[in-house]
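A.B. asks: predicted model and sequence follow; I will ask about them next.
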Amino acid sequence: MAMKITVIGLGYLGATHAVAMAKVGHQVIGIEPNQQKIDSLVQGKAGFFEPGLDEELAKQIAAGRIEFKLSHDESSREADVHFICVGTPQTPGSMAADTRYLESAIRDVAPYLRSDALVVGKSTVPVGTAVKLTAQLAQATGFDQPNLAWNPEFLREGTALEDSLNPDRLVIGVTNERSEELLRKVFAPMIDAGVPFLVTDLATAELVKAAANAFLATKISFINAMAEIAEVSGADASQLAKAIGYDERIGNKFLRNGVGFGGGCLPKDIRALMARAEELGVGESVAYLHEIDKINLRRRDRVIQLLKAELGNLSGKRVLILGAAFKPDSDDVRDSPALAIALLAKGEGADVVVHDPVALHGVALKHPELHLEQDLAKAFIDADALVLATEWKEYRELDPTSVSVRNKFIIDGRNVLDVAKWQQAGFRVSALGRTITN
Ligand code: UGA
């Protein structure tokens, strides 16, 4: 049954959720205070690179199931459910999450909230946030017990729409039956399709998300820690990952060693979890996440070591970084390992060139000091070293015989290249987590 829904905040999370809700048949109003984003959205462009999203957005606009507004108006009062999808970035100078956008979302929706309607937070938050927001909502609306629920989102960039439509599980944290009933209606198509639906309290739902991302970050840093040992002992971390991954209790996913994790979620979420645990007096419980963070950041330094091992002093040496996005199929450069390596090499005096199939626009704004090159053939010219930092398909499928550089040396930062093929083409190859004889 179609419901009226608002989706507040139309970034990666909100835009995808709005489209997914429209696609399953609901009537969606997207609220976004940024005029530029609205201008783009109404033309069927989400404003960021996400495979399949713009096409589906255009379809839903044409079908009349989705519209966009700068702020709430009387039509928001007709909505049964209001999803809050605003960002919770890391607070500058602290590890904690900044929840100010959630507070303003609550302030903005309150005048338009019916007493039987439901506010649902989807943003990743420190455990305990939902209770505070409920109190804020009660004060703003005058309702004794406003309906506020938490429904964390587990989508991955690059497969965002598919993840939203076919999630591994749905988790809802609620305080009353009415909220559960409304959310069962919202997600009926997924529930009917057999997606596990877990109903919890607010704190558990909030913590599920932080825990999932902390676990994923831990898995990646675990294999990268093994990579550090492999590098000094002659072992091969990729083979090690494959071997331990056959044990179903361990599993082979998220065990790819390389330059490590980045993006707008994993790095900030582990830091926010540490900050919140400290506040709650149990900082020791997740103190190990400091090491997870440090292992991750050390992988970036390792690439610089490998560059120096080949080139000596990097000053004036042309280094081409293949990739700027934090992962392929995304133009997101937040906390990107590729970009961090580019900046480290630049700091060592290298003449750094960065290529990425889609993400350079975001880099140009933030790092005008970097030399960006959209044309891959041009980017190769005069390179003394190549660093594969984001495993885009076009890099994985490169024909090394057609790569024309000054010095044939490549670092495989994601362990995705066919080393023998590159060596046959005359390249010396280095990689993370294993020693390659050239
Ligand atoms: C992550 C989670 O995977 C999602 O479940 C979650 O919903 C999302 O954060 C979020 O909190 O919103 P995402 O940031 O899109 O999703 O990216 P991931 O696919 O998790 O990759 C994160 C980073 O880890 C990337 O830089 C990737 O290259 C790296 N990675 C991943 C590895 O280095 N090794 C691996 O084996 C896997």
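C.D. replies: Cool, the structure landed. Residues are numbered from 1 along each chain as shown.
A.B. asks: contacts and neighbour counts: CA atoms only from here.
C.D. replies: Noted.
A.B. asks: can you map out the helices along the stretch 101-250 of the chain?
C.D. replies: Using DSSP state H, counting those that start in this stretch, the helices of the stretch 101-250 of the chain run over residues 129-141, 160-165, 177-186, 188-192, 202-233, 237-245.
A.B. asks: and the shortest one, how far out from the chain's middle?
C.D. replies: What it means is helix 188-192. 26 Å (Cα atoms, centre = their mean, to the nearest Å).
A.B. asks: just checking, what packs against it?
C.D. replies: Contact partners of helix 188-192 among helices and strands, from 3 or more Cα pairs under 8 Å, 6 or more residues apart in numbering; DSSP states H and E: none.
A.B. asks: of all the helices of the stretch 101-250 of the chain, which one is nearest the ligand?
C.D. replies: For the ligand, the closest of the helices of the stretch 101-250 of the chain is helix 202-233, at 5.2 Å, according to Cα to the nearest ligand atom.
A.B. asks: contact partners of the helix or strand of the chain with the lowest mean pLDDT?
C.D. replies: When the helices and strands of the chain are scored by mean pLDDT, DSSP states H and E, helix 360-366 comes last with a mean of 91. Contacts to helix 360-366, defined as Cα atoms under 8 Å, 6 or more residues apart in numbering, come from residues 324, 331-333, 370, 372, 374.
A.B. asks: flag every buried residue along stretch 108-118.
C.D. replies: For stretch 108-118, burial by neighbour count (16 or more other Cα atoms under 10 Å) applies to 109-114, 117-118.
A.B. asks: and stretch 29-43, by the same measure?
C.D. replies: Those would be 29-32, 37-38, 41-42, for stretch 29-43 by 16+ other Cα under 10 Å.
A.B. asks: distance to Ile304 added to the residues you listed, as TSV?
C.D. replies: Putting the buried residues of stretch 29-43 into TSV (distance: Cα to Cα, whole Å) gives the following:
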residue	distance to Ile304
Ile29	48
Gly30	44
Ile31	44
Glu32	41
Lys37	38
Ile38	41
Leu41	40
Val42	44
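A.B. asks: all helices of the stretch 251-400 of the chain, in order?
C.D. replies: Under the criterion DSSP H, counting those that start in this stretch, the stretch 251-400 of the chain contains helices at 266-279, 288-311, 337-347, 360-366, 376-380, 393-396.
A.B. asks: are the longest one and the ligand in contact anywhere?
C.D. replies: Right, helix 288-311. No: applying Cα under 6 Å from any ligand atom, one finds helix 288-311 separated from the ligand by no less than 8.7 Å.
A.B. asks: now that helix: mean pLDDT?
C.D. replies: Mean per-residue pLDDT for helix 288-311: 98.
A.B. asks: with stretch 52-68 instead?
C.D. replies: Across stretch 52-68, pLDDT averages out at 98.
A.B. asks: also stretch 146-164?
C.D. replies: 96.
A.B. asks: buried sites along that stretch?
C.D. replies: In stretch 146-164, counting by 16+ other Cα under 10 Å, buried: 146-155, 157-158, 160-164.
A.B. asks: what do you get for stretch 358-377?
C.D. replies: 358-360, 362-363, 370-373, 376.
A.B. asks: before we move on, what about stretch 380-397?
C.D. replies: Quick answer for stretch 380-397 (16+ other Cα under 10 Å): 380, 383-392, 395-396.
A.B. asks: now those residues in CSV, with pLDDT?
C.D. replies: As requested, the buried residues of stretch 380-397 are arranged in CSV below (pLDDT from 0 to 100):
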residue, pLDDT
Phe380, 98
Ala383, 98
Asp384, 98
Ala385, 98
Leu386, 98
Val387, 98
Leu388, 98
Ala389, 98
Thr390, 98
Glu391, 98
Trp392, 98
Tyr395, 98
Arg396, 98
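A.B. asks: and which of the residues you listed is nearest to the ligand?
C.D. replies: When the buried residues of stretch 380-397 are compared for distance to the ligand (Cα to the nearest ligand atom), Thr390 wins out at 7.0 Å.
A.B. asks: enumerate every residue touching the residue nearest to the closest one when sequence neighbours are not counted.
C.D. replies: Nearest non-adjacent residue to Thr390, counting by Cα to Cα, 6 or more residues apart in numbering: Gly323, 4.7 Å away. Gly323 makes contact with 338-339, 354-357, 388-392, according to Cα under 8 Å, 6+ apart.
A.B. asks: with distance to Ile411 added, can I get the residues you listed in JSON lines?
C.D. replies: Output for the contacts of Gly323, formatted as JSON lines (distance: Cα to Cα, whole Å):
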{"residue": "Ala338", "distance to Ile411": "12"}
{"residue": "Leu339", "distance to Ile411": "15"}
{"residue": "Val354", "distance to Ile411": "14"}
{"residue": "His355", "distance to Ile411": "15"}
{"residue": "Asp356", "distance to Ile411": "16"}
{"residue": "Pro357", "distance to Ile411": "19"}
{"residue": "Leu388", "distance to Ile411": "6"}
{"residue": "Ala389", "distance to Ile411": "8"}
{"residue": "Thr390", "distance to Ile411": "12"}
{"residue": "Glu391", "distance to Ile411": "12"}
{"residue": "Trp392", "distance to Ile411": "15"}
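A.B. asks: tell me which of these fall in strands.
C.D. replies: Within those, residues falling in strands by DSSP state E are 354-355, 388.
A.B. asks: rank the buried residues of stretch 358-377 by pLDDT and give me only the lowest.
C.D. replies: Lowest pLDDT among those: Gly362, 88.
A.B. asks: please report how far the nearest residue to Ala227 once chain neighbours are set aside lies from Ala237.
C.D. replies: With sequence-adjacent residues excluded and distances taken as Cα to Cα, 6+ apart, Ala227 is closest to Gly433, at 3.9 Å. According to Cα to Cα, to the nearest Å, Gly433 stands 5 Å off from Ala237.
A.B. asks: so for these two, which sits in the more crowded spot?
C.D. replies: Per other Cα atoms under 10 Å, whichever of Gly433 and Ala237 has more neighbours is Gly433, with 32 against 27.
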